[in-house]
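In: The amino acid sequence is not available; the structure is as follows:
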């Protein structure tokens, strides 16, 4: 059984960066879910590790995806950190093959909600 992770396993600077990103994204879109996953969520990251974030939205247009990408890049640049977003809509998660994807299942089970 996989270990459960929580905000206490994540280093404070990583959590602060994720929170900053969530706040900035919330200003342009209704976020359904926002989680950090991967090595930084587990507290196992080194200085070269990226910050993996899961972003779930209601709808996603090409223009909105570009805006999200711009904000992700900006926050990462300001914090000397590569941020790698996975962006999905609720419909994709519930009605596409993603619903049985192991990566999505792991993110939903182990990702840290910010």
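Out: Looks like it came in fine. Source: prediction; values computed, not measured.
In: So which residue is smack in the middle of this structure?
Out: The structure's the chain has its C-alpha centroid closest to residue 53; by CA atoms, centre = their mean the separation is 1.7 Å.
In: Isn't that residue up against residue 83?
Out: Yes. Because the distance of 6.2 Å satisfies CB atoms under 8 Å, residue 53 is recorded as touching residue 83. Bear in mind the C-beta positions are built from the backbone N, C-alpha and C, glycine included.
In: didn't residue 9 look like it was pressed against residue 41?
Out: Yes. In this structure, residue 9 sits in contact with residue 41. The criterion is CB under 8 Å, and the distance is 6.9 Å.
In: where does the chain have low pLDDT?
Out: 1-8 (pLDDT under 70).
In: residue boundaries of the helices in it?
Out: With DSSP state H, the ranges of helices along the chain come out as 12-26, 39-42, 62-78, 90-95, 102-110.
In: Now do the shared contacts for residue 53 and residue 83.
Out: Where contact means CB atoms under 8 Å, 6 or more residues apart in numbering, the residues bridging residue 53 and residue 83 through contact with each are 21, 72.
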